[in-house]
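**Q** Sequence plus the predicted model coming up.
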Amino acid sequence: MLPVVWTVFAVLAVGGFLVIAAYWLDIQERPDLSGRARIGWSFAVLLFPIAIPAYAFAGGPGWPTFLKVASLVPAAAVVLFGGFVVGAFS
């Protein structure tokens, strides 16, 4: 089981970095956001497991369904990492 979970974690971790980059770039290119809102959403990347889904579902970017689901990838990677830390997978 460990090799399968490790592979899933690795794929989600790489995908998570891509989603974080897409999130940040989307914020920087939205002309409808004020400078203060851009700074706030950019600073929120520090809380990425919460901020990216909040932005995707409630922030109004108009992301398609695929990207809304993909916004949950970094959070899933963090959950799996937490599972490795506490020894949930053996």
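**A** Structure's in. What do you need?

**Q** Where do the helices of the protein begin and end?
**A** With DSSP state H, the ranges of helices along the chain come out as 2-28, 35-43, 48-58, 65-70, 73-86.

**Q** Go through the ones you listed and pick out the most buried.
**A** Most buried of the helices of the chain, by mean neighbour count (mean count of other CB atoms under 10 Å): helix 48-58, with a mean of 18. The C-beta positions use only the backbone N, C-alpha and C, and glycine is treated the same way.

**Q** surely F57 meets A70?
**A** No - F57 lies out of contact with A70 (CB atoms under 8 Å); the separation is 11.9 Å.

**Q** From the centroid of this structure, which residue is nearest?
**A** Per CA atoms, centre = their mean, the C-alpha nearest to the average position across the chain is that of P74, at 3.8 Å.

**Q** For the closest residue to it other than its chain neighbours, give me its contacts.
**A** Closest residue to P74 apart from its sequence neighbours, by CB to CB, 6 or more residues apart in numbering: G16 at 3.6 Å. By CB atoms under 8 Å, 6 or more residues apart in numbering, the contact list for G16 reads 48, 73-74, 76-78.

**Q** now do 7 Å
**A** When the contact criterion is CB atoms under 7 Å, 6 or more residues apart in numbering, the partners of G16 are 73-74, 77.

**Q** Tell me the one of those residues nearest F43?
**A** P74 (16.2 Å; CB to CB).

**Q** is it true that the closest one touches L47?
**A** No - look at P74 against L47 with CB atoms under 7 Å: they stay out of range, at 10.6 Å.

**Q** Tell me the spacing between A54 and L12.
**A** Relative to L12, A54 is positioned 19 Å away (CB to CB, to the nearest Å).

**Q** I27 too?
**A** Distance of I27 to L12, computed by CB to CB: 22 Å.

**Q** Could you do A70 as well?
**A** 10 Å.

**Q** ok, back up a step: any chance of CSV for the contacts of G16, columns pLDDT and distance to I39?
**A** As requested, these are arranged in CSV below (pLDDT from 0 to 100; distance: CB to CB, whole Å):
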residue, pLDDT, distance to I39
V73, 96, 25
P74, 95, 21
A77, 95, 26
